[in-house]
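Enquirer: Using only what follows, build the 3D model:
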Amino acid sequence: MNLINKKVTHKRFGMGSIVKHNDSRIEIHFASENKMFVFPDVFGKHLKLHDKSDAKSLEEILKKKENERKEEEWKKEEEKKLQRKKLVLRLEHEKLMKNHKLHPESQMVFWCDTEEQNSSFSERKVFSGVLKSGNNKGKPNKPSRLHQNSAVLLTAIDSGMPEKDRRILGVYMVNEDFVGKLCEDGYIPAHLKYRIQLTEQESDQLLFWQYYINEKFPEKMTWKTGKYRYFENLWMAQILLDIVSLKSDPNERELAQQFFKHFCKMNMITAQELPKPNGALMRI
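Expert: Next comes the predicted model:
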């Protein structure tokens, strides 16, 4: 807007005319002296523009600026809320890490569909799925038992094959700072080092039901619903030990051995006293 020589009235200094202005400042000549003001803010309460057309245009500018100010304040407040939330989560995370007690069934077996058989390794994470009912219906499942000592077992069953032929595709420790109780998005990230993918030939030799058993129905091998289920720490140790024996490549075998030792340490398992697998398949 070109406001040079436009007439104005100030509540305190009276009538005057505009001699200079830019995007942030305006200079007005009054009867006795020139005064500088913040532009366009001064027009909100203290200064009135005589020209009605220019006054209307200026009013639009003031409204826009006020909306921008409110938007900025809202963003700052949202940022403060986010920072407060992050602080609460960090303190809760530290508390949970400090006071964690081992749960005997804090391992997860995950059912990978066709797409997840590749993405779970390339993206180094799995999604726990969403709740199907209740007040939180549609929200991600919270894998509350998973902690630093937990591993995620990736399995799949080929189309048309019976459940007893469910294969183990690989396994990974959860990321070292992961706490399932604080997981809001349902994604379970893999540890940077401790993760193993089996070849197709290795996978065919490692069947999930060799290790797992439903104690309530020991004769049944069924997986009805859900993307995952928890299972015993000892069973995961058995699986990891057998993966070590499957690996023929020296480097892969060394990683599998390190993985197994790390897992046993995190779960307070004595490797020498580990029982033999006795899953449902072993009892037929």
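Enquirer: Return the residues in contact with the residue nearest to residue 253 when sequence neighbours are not counted.
Expert: Counting by Cβ to Cβ, 6 or more residues apart in numbering, residue 253 lies nearest to residue 247, which is 4.0 Å off, once chain neighbours are set aside. Every residue, glycine included, has its C-beta placed from N, CA and C. Contact analysis of residue 247 by Cβ atoms under 8 Å, 6 or more residues apart in numbering lists 202, 253, 256.
Enquirer: and what of residue 163?
Expert: Counting by Cβ under 8 Å, 6+ apart, residue 163 makes contact with 157, 209, 221-223.
Enquirer: Pick out the most distant pair among those.
Expert: Farthest apart among the contacts of residue 163 by Cβ to Cβ are 157 and 222. That separation is 11.5 Å.
Enquirer: Comparing these two, which residue is more hemmed in?
Expert: Each of residue 157 and residue 222 has its neighbours counted (other Cβ atoms under 10 Å); residue 157 has more, 16 against 9.
Enquirer: Could you find the closest non-adjacent residue to that one?
Expert: Closest to residue 157 by Cβ to Cβ, 6+ apart is residue 166, at 4.6 Å.
Enquirer: burial count for the one you found?
Expert: Residue neighbour count, defined by other Cβ under 10 Å, stands at 22 for residue 166.
Enquirer: Would you check how far apart it and residue 279 are?
Expert: 11 Å (Cβ to Cβ, to the nearest Å).
Enquirer: and residue 152, bridged to which residues?
Expert: Applying DSSP bridges to residue 152 gives these bridge partners: residue 108, residue 172.
Enquirer: Contact partners for it?
Expert: Residue 152 touches 107-110, 126, 146, 171-174, 188, 190, counting by Cβ under 8 Å, 6+ apart.
Enquirer: Mind jotting down where the helices sit in the stretch 51-200 of the chain?
Expert: Remark: helices assigned in the stretch 51-200 of the chain by DSSP state H, counting those that start in this stretch are 52-98, 116-122, 200-205.
Enquirer: Can you say which of these is packed in most?
Expert: helix 116-122 (a mean of 16; mean count of other Cβ atoms under 10 Å).
Enquirer: which helices and strands sit right next to that helix?
Expert: If contacts are counted by 3 or more Cβ pairs under 8 Å, 6 or more residues apart in numbering; DSSP states H and E, helix 116-122 sits against strand 151-156, strand 167-174.
Enquirer: among these, which is nearest residue 85?
Expert: Closest among the helices and strands packed on helix 116-122, using Cβ to Cβ: strand 167-174, at 22.3 Å.
Enquirer: how much does that closest one deviate in direction from strand 151-156?
Expert: With axes from the mean of the first three to the mean of the last three Cα atoms, to 10 degrees as the basis, strand 167-174 and strand 151-156 are set at 160 degrees to each other.
Enquirer: For strand 167-174, list the C-alpha coordinates in PDB.
Expert: Output of strand 167-174 as PDB, limited to C-alpha atoms (Å, rounded to 0.1, in the frame of the first residue of the first chain):
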ATOM      1  CA  ARG A 167       8.700 -72.000   9.100                       C
ATOM      2  CA  ILE A 168      11.000 -69.700  11.000                       C
ATOM      3  CA  LEU A 169      12.300 -67.000   8.700                       C
ATOM      4  CA  GLY A 170      14.600 -65.200  11.100                       C
ATOM      5  CA  VAL A 171      14.900 -63.400  14.400                       C
ATOM      6  CA  TYR A 172      16.000 -60.100  15.900                       C
ATOM      7  CA  MET A 173      16.500 -58.600  19.300                       C
ATOM      8  CA  VAL A 174      14.400 -55.500  19.800                       C
END
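Enquirer: can you list contacts of it?
Expert: 112, 117, 120-121, 124, 146-148, 150-158, 180, 188-191, 194-198, 203-204, 206-208, 236, 239-240, 243, 259, 262-263, 266.
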